[in-house]
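S.K.: Generate a structure from the sequence data that follows.
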Amino acid sequence: MKKGKKPKYELVLPGRQPFGMAAVWKLWKNPKIDKWERTFAVLTGAPNEVMQPIHPRMTTFLEPRDYAEYLAPTERPPIHLLRILPTDEMRATLVKTDITSQQVSLFDSQ
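M.R.: Model prediction:
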């Protein structure tokens, strides 16, 4: 692997496709171009055992039953809904790209 290139992983939550990631967004006026823009940030926390070898942070997830409460307008953010998934609820697969043929193959990283 070339220096500076980070390996790529496919993260899967078996039985949970699609899944909800916690994020925040804001509409703001960019003074440089005098245009309204949307920006967002994904909320993260400490990694579980699957993510720890890949990255020092991991996305916080939402349970489908909590989507409506999370998205409802409130004075205080519903941080009680955010959770880091247990290791047994997620799988990471290293994605290896063959540069010469541009084909992608998947193999387990564990």
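S.K.: Which residues does stretch 53-65 contact?
M.R.: Here stretch 53-65 makes contact (Cβ atoms under 8 Å, 6 or more residues apart in numbering) with 9, 13, 19-22, 42-48, 51, 70, 81-85, 92. Just so you know, the C-beta spots here come from the backbone N, C-alpha and C atoms, and that holds for glycine as well.
S.K.: Just the buried ones from these, in PyMOL syntax?
M.R.: In PyMOL, a selection of the buried entries from the contacts of stretch 53-65 looks like this (16 or more other Cβ atoms under 10 Å):
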select buried, resi 9+19+20+22+43+44+47+51+70+81+82+84+85+92
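S.K.: Give me the subset of the contacts of stretch 53-65 lying in helices.
M.R.: The helices, defined by DSSP state H, take in Y70 from these.
S.K.: quick one: terminal-to-terminal distance for stretch 69-79?
M.R.: In stretch 69-79, first residue to last residue: 11 Å (Cα to Cα, to the nearest Å).
S.K.: nope, stretch 64-77 is what I was after
M.R.: Using Cα to Cα, one end of stretch 64-77 lies 17 Å from the other.
S.K.: So what's the gap between it and the chain middle?
M.R.: Taking Cα atoms, centre = their mean, to the nearest Å, the mean C-alpha location of stretch 64-77 is offset from the chain mean by 18 Å.
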